[in-house]
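> Predicted model and sequence follow; I will ask about them next.
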Amino acid sequence: MENNLIQITKDEIAALPVVEYQGRIVTIQTEEDANKAIEYLSTFSILGFDTETKPAFKKGVINKVALLQLSTEDTCFLFRLNMIGMPASLSALLADEKVLKVGLSLKDDFAQLNRLAGITPKGFIELQSFVKPFGIADNSLQKIFAILFKQKISKKQRLTNWAADILTDAQKKYASLDAWACLQIYLKLIVHLN
């Protein structure tokens, strides 16, 4: 059975063209803007989801989640949690079972969010589990995306300071791409189920 599983090597990924996020990016830095964004996002049935945390380079140091991304097919909202905390409207959306949120490695994200605001996320789809019935053996977002779309997600911005006062355009695109890519993977695979 293992021979039938779809996998991709680092060398194969390296040869692929880099995908660039082309959608709109909306950075949320106030609770008022968060409430407006959530009102809009609540009208969608499926969203891409991801978080970013400032990396800790010292043993035992754990930083709080700094950024939470929610993406539609054409717009990604970047919630600066390090600036606004966890607004009640965002907590409510994360616990809303009617709005599917698609992400990867959700256990870590949930632990971080629970530490920040004590929320119980609902309505989430874990891509690492979701891709298995399709024969995809790889677990990383970069590998799953490469298998399905024949494009590479650059990871250059992953270890940057997500709690910085101002995010760079490169950080914003990277963060948006990760949430958007989760949604794209789900949408591509769900077509095969219908």
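Looks like it came in fine.

> How many residues are close by Lys10?
Residues near Lys10, counting by other C-beta atoms under 10 Å, number 10. Every C-beta, even on glycine, is put in place using the N, C-alpha and C of the backbone.

> Can you check the pLDDT for it?
At Lys10, the model reports a pLDDT of 89.

> All the helices of this structure, residue numbers only.
For the chain, helices defined by DSSP state H occupy the ranges 10-14, 31-41, 81-84, 88-94, 106-117, 127-130, 141-149, 169-193.

> what helices or strands is the longest one leaning on?
Read that as helix 169-193. strand 24-28, strand 46-53, strand 65-71, strand 75-80, strand 100-103, helix 127-130, helix 141-149 (3 or more C-beta pairs under 8 Å, 6 or more residues apart in numbering; DSSP states H and E).

> That helix versus helix 106-117: what angle between them?
Relative orientation of helix 169-193 versus helix 106-117 (axes from the mean of the first three to the mean of the last three C-alpha atoms, to 10 degrees): 130 degrees.

> how big is the angle separating helix 169-193 from strand 24-28?
Using the same axes, to 10 degrees: helix 169-193 against strand 24-28 is 120 degrees.

> OK, contacts around Ile25?
Thr75, Cys76, Leu78, Lys172, Lys173, Ser176 (C-beta atoms under 8 Å, 6 or more residues apart in numbering).

> repeat that with 6 Å
Contact analysis of Ile25 by C-beta atoms under 6 Å, 6 or more residues apart in numbering lists Cys76, Lys172, Ser176.

> Does the residue most central in space within the chain have any beta-bridge partners, and if so which?
In the chain, the centroid-proximal residue (C-alpha atoms, centre = their mean) is Asp50; its distance is 2.3 Å. Counting by DSSP bridges, Asp50 is bridged to Gln69.

> next one: Thr75
For Thr75, the beta-bridge partners are Arg24 (DSSP bridges).

> you'd agree it is up against Tyr21?
No: using C-beta atoms under 6 Å, Thr75 makes no contact with Tyr21, being 10.6 Å away.

> For the residue nearest to Lys107 when sequence neighbours are not counted, grab the count of nearby residues.
Of all residues not flanking Lys107 in the chain, Glu126 sits nearest, at 8.0 Å (C-beta to C-beta, 6 or more residues apart in numbering). Glu126 has 14 neighbouring residues, counting by other C-beta under 10 Å.

> is Glu126 in a bridge, and if so with what?
Gly103.

> any idea how far it is from Lys98?
Distance of Glu126 to Lys98, computed by C-beta to C-beta, to the nearest Å: 18 Å.

> Likewise for Ala179?
Taking C-beta to C-beta, one finds Ala179 at 19 Å from Lys98.

> cool, Leu78 as well?
For Leu78, the distance to Lys98 - C-beta to C-beta - is 23 Å.

> Looking at these two, which one has more neighbours?
Leu78 (25 against 9).

> State the number of residues packed around the nearest residue to that one once chain neighbours are set aside.
Take Leu78 and drop its neighbours on the chain: the residue closest to it by C-beta to C-beta, 6+ apart is Thr27, 4.8 Å away. Counted with other C-beta under 10 Å, residues neighbouring Thr27 total 17.
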